[in-house]
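Q: Build me a model:
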Amino acid sequence: MIRLLNTASSRALDRFTVGQGQLTEVDLMRNAGRAVAIEAGKLLRGARSRGILVVCGKGHNGGDGIAAAGFLASWGYGCTVVLVGQLEDLDSVVRATYEAAQVPVMESSRPNESAGAREGLVIDALLGVGVSRPLRGPVAGWAKAINDHPGVVLSVDLPTGLSADTGETWEGVVHAEATVTMGHPKLGLLVNTGPDVAGRVVVADIGFSSGYIDKNDHSYYQFTREDFARQYNLPPRQTFKHRQGKTLVVAGSRDMTGAAVLAARATILSGSGLTVAACPASIQQFYALAMPEVMTLGLEDNRQGMFLPEHVAPIRESLASYSAVVLGPGLSRRPQVQRFVREIFEHLDLPTLLDADGLAPFYGAVDLLNAAEVPLVITPHAREFADLFDHDLKEVMTNPVRALSEVRAYFPHTVVLKGAPTMTLLSSGDIVVNSTGNPGMATAGSGDVLSGIIGTLLSQGQVPDDAAMMGVWIHGRAGDLARQRYGASGMTSLHILEQLPHALKEFDPLS
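A: Here you go, the predicted model:
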């Protein structure tokens, strides 16, 4: 997985690298400047007739900008370098970089109306990691001038006004076409509103030590295609259905048979060797007609069209036949159903995926999930997460990283917080950001498909953390293939389901 840095770990990595004695802070700044200059040249397509405005703060982000200007000037580009501050305020590292760059620097507290008007590119080197409050004063003025610039904007490490820790942005945040970030992606570039302002992210190797180990309690990562390929197991040549996972799907009600069908079919299409859908007997025919490849376990419901507490006993008796359980999609939140969910959950001893209406009975009673010894993955969206963990919905939506960070202090199981992007809180406390998916997946039933995929991976022996990360990734990949075929606006969950085998096919060398 790709390591993601926040403010604290970014600074710690700097200190660690310098402490190893192989590079100095000036070396790192020079390397960062070179990386920015290379990207600037690409954005200008080598056209040296187009000028470059470099707007620098007085900190190390500004030092990277000054170093970039030095390289660009030596390569024949015309650079105007503005320092928002005074040269006398530069620390020793930035001053040494300035002296080595040998470019004139103009001190300016506020932009004039013509700032950058003639330049084809503006490099935003005002503020980097550590931003934790709204932009103000001269920095706010220059950020506005950068946004008003008609040409291309390239940010250094982070767009000014973006939090490296949470992806939050403040009024006036710089909107970049591209961002060159140093060493590792910053968490804030990938979550919340970060992707909306960062543009294309280029990760530059500037010589950070590979031996760095974060001393913080928890870390952040991005799960990638390479990670999925490494962990995904193709069926062996000599196998049969009972070795490919036996998944029990407990889902659906009279008004929401579609949720059950999507979840159950997703198990089969993601590789479950045998899937059984438990269902109220009065609606069993809908299940059987919609998915002939899935077996059904009809439970007498007196034509009520929902699961009832008396269904706990027959399901409990059948559990030995399965290797994982998917519980929740489309159950409804009627009192009898909530009682059924709580009671059946007490008897589960198999890896379990709990989603949607399967979470509702534990609102206000999350301790019952905390105490569960069964291998467990829960997959709430923002509102379900807020209700389950007693969080403010707006805060969960605007700062999902913080919400997950607070929950990891007391919740021992795997949490998939569905969103853009989806993030997974591992049982270790680490947080993993997914790298696939698109806005077209914000459609009814998409989460039911995800539940089925993770259920299959659990049934095939993946531990909850791995099943969650892998399931989220391949679900997003299927969604990306669906978007390529149908477009984001016209996608449905059926299109995601349809593309799931095609997404998995990419990892089959004989296909």
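
Q: distance of residue 302 from residue 310?
A: According to Cβ to Cβ, to the nearest Å, residue 302 stands 10 Å off from residue 310. For the C-beta atoms, the positions are set from N, CA and C on the backbone; glycine is no exception.

Q: so where do the strands sit in the stretch 1-150 of the chain?
A: 2-4, 51-56, 79-83, 105-107, 119-125 (DSSP state E, counting those that start in this stretch).

Q: relative orientation of the longest one and strand 79-83 in degrees?
A: Put plainly, it is strand 119-125. Counting by axes from the mean of the first three to the mean of the last three Cα atoms, to 10 degrees, strand 119-125 lies at 30 degrees to strand 79-83.

Q: related to what we said a few turns ago, between residue 302 and residue 310, which one's more packed in?
A: A direct count of neighbours by other Cβ atoms under 10 Å for residue 302 and residue 310 places residue 310 higher, at 14 against 10.

Q: Just to be sure, that one is in a helix?
A: Yes. Judged by DSSP: H, G, I helix; E, B strand; the rest coil, residue 310 forms part of a helix.

Q: I'd like the distance between the closest residue to residue 321 other than its chain neighbours and residue 480.
A: Counting by Cβ to Cβ, 6 or more residues apart in numbering, residue 321 lies nearest to residue 246, which is 6.5 Å off, once chain neighbours are set aside. The gap separating residue 246 from residue 480 is 30 Å, by Cβ to Cβ.

Q: residues near residue 93, how many?
A: Neighbour number of residue 93 under other Cβ under 10 Å is 17.

Q: before we move on, what about residue 505?
A: Residues near residue 505, counting by other Cβ under 10 Å, number 12.

Q: do residue 201 as well
A: Neighbours of residue 201 under the rule other Cβ under 10 Å: 18.

Q: Same question for residue 48.
A: Per other Cβ under 10 Å, the neighbour tally for residue 48 reads 13.

Q: Please identify which helix or strand holds residue 180.
A: Applying DSSP states H and E as the criterion places residue 180 in strand 178-182.

Q: To clarify, my last question referred to residue 222.
A: Judged by DSSP H and E, residue 222 forms part of strand 220-223.

Q: from the chain's centre, how far out does that strand sit?
A: Distance, stretch centre to chain centre, for strand 220-223: 8 Å (Cα atoms, centre = their mean, to the nearest Å).

Q: Can you tell me which helices and strands the longest helix along the chain packs against?
A: Longest helix of the chain, by residue count under DSSP state H: helix 464-486. Under the contact criterion of 3 or more Cβ pairs under 8 Å, 6 or more residues apart in numbering; DSSP states H and E, helix 464-486 touches strand 220-223, helix 225-231, strand 376-378, strand 414-417, strand 423-425, strand 431-434, helix 446-459, helix 493-505.

Q: Comparing the ones you listed, which comes out most buried?
A: When the helices and strands packed on helix 464-486 are scored by mean count of other Cβ atoms under 10 Å, the highest mean neighbour count falls to helix 446-459 (a mean of 30).

Q: Pull it out as CSV, backbone CA atoms only.
A: Taking Å, rounded to 0.1, in the frame of the first residue of the first chain, the C-alpha atoms of helix 446-459 are listed here in CSV:
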residue,chain,number,x,y,z
SER,A,446,-24.4,0.2,-5.0
GLY,A,447,-23.8,-0.6,-1.3
ASP,A,448,-25.7,-3.9,-1.6
VAL,A,449,-23.3,-5.0,-4.3
LEU,A,450,-20.4,-4.1,-2.1
SER,A,451,-21.8,-6.1,0.8
GLY,A,452,-22.0,-9.2,-1.4
ILE,A,453,-18.4,-8.8,-2.7
ILE,A,454,-17.0,-8.5,0.8
GLY,A,455,-19.2,-11.4,1.9
THR,A,456,-17.6,-13.6,-0.7
LEU,A,457,-14.1,-12.6,0.3
LEU,A,458,-14.9,-13.4,3.9
SER,A,459,-16.3,-16.8,2.9
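
Q: ok so, going back, who's the residue nearest to residue 321 bridged to?
A: In this structure, residue 246 bridges to residue 274 when assessed by DSSP bridges.

Q: separation between it and residue 335?
A: Applying Cβ to Cβ, the value for residue 246 to residue 335 is 31 Å.

Q: Domains in this structure, by residue range?
A: Split into domains by automatic domain parsing, the chain comes to 2-216, 225-505.

Q: Give me the below-cutoff pLDDT ranges for the chain.
A: Scanning the chain for pLDDT under 70 picks out the ranges 112-118, 213-217, 240-242.

Q: Can you tell me the centre-most residue of it?
A: Nearest to the mean C-alpha position of the chain, counting by Cα atoms, centre = their mean, stands residue 433 at 2.9 Å.

Q: thought it was touching residue 426?
A: No. Judged on Cβ atoms under 8 Å, residue 433 makes no contact with residue 426 at a distance of 11.8 Å.

Q: Figure out the helix or strand that residue 401 lives in.
A: Per DSSP H and E: helix 400-407 holds residue 401.

Q: Please export the C-alpha coordinates of that helix as CSV.
A: Extracted C-alpha coordinates of helix 400-407, given in CSV (Å, rounded to 0.1, in the frame of the first residue of the first chain):
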residue,chain,number,x,y,z
PRO,A,400,-14.5,11.6,7.7
VAL,A,401,-10.9,11.1,8.7
ARG,A,402,-11.5,12.7,12.1
ALA,A,403,-14.7,10.7,12.6
LEU,A,404,-12.9,7.4,11.9
SER,A,405,-10.0,8.5,14.1
GLU,A,406,-12.3,9.0,17.0
VAL,A,407,-14.1,5.7,16.6
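
Q: which parts of that helix are buried?
A: Using 16 or more other Cβ atoms under 10 Å as the test for burial, helix 400-407 gives 400-405, 407.

Q: Also stretch 460-471?
A: Within stretch 460-471, the residues that qualify as buried are 460, 462, 464-471, counting by 16+ other Cβ under 10 Å.

Q: Ok, stretch 426-440 next?
A: The neighbour-count check on stretch 426-440 (16+ other Cβ under 10 Å) flags 426-427, 429-437, 440 as buried.
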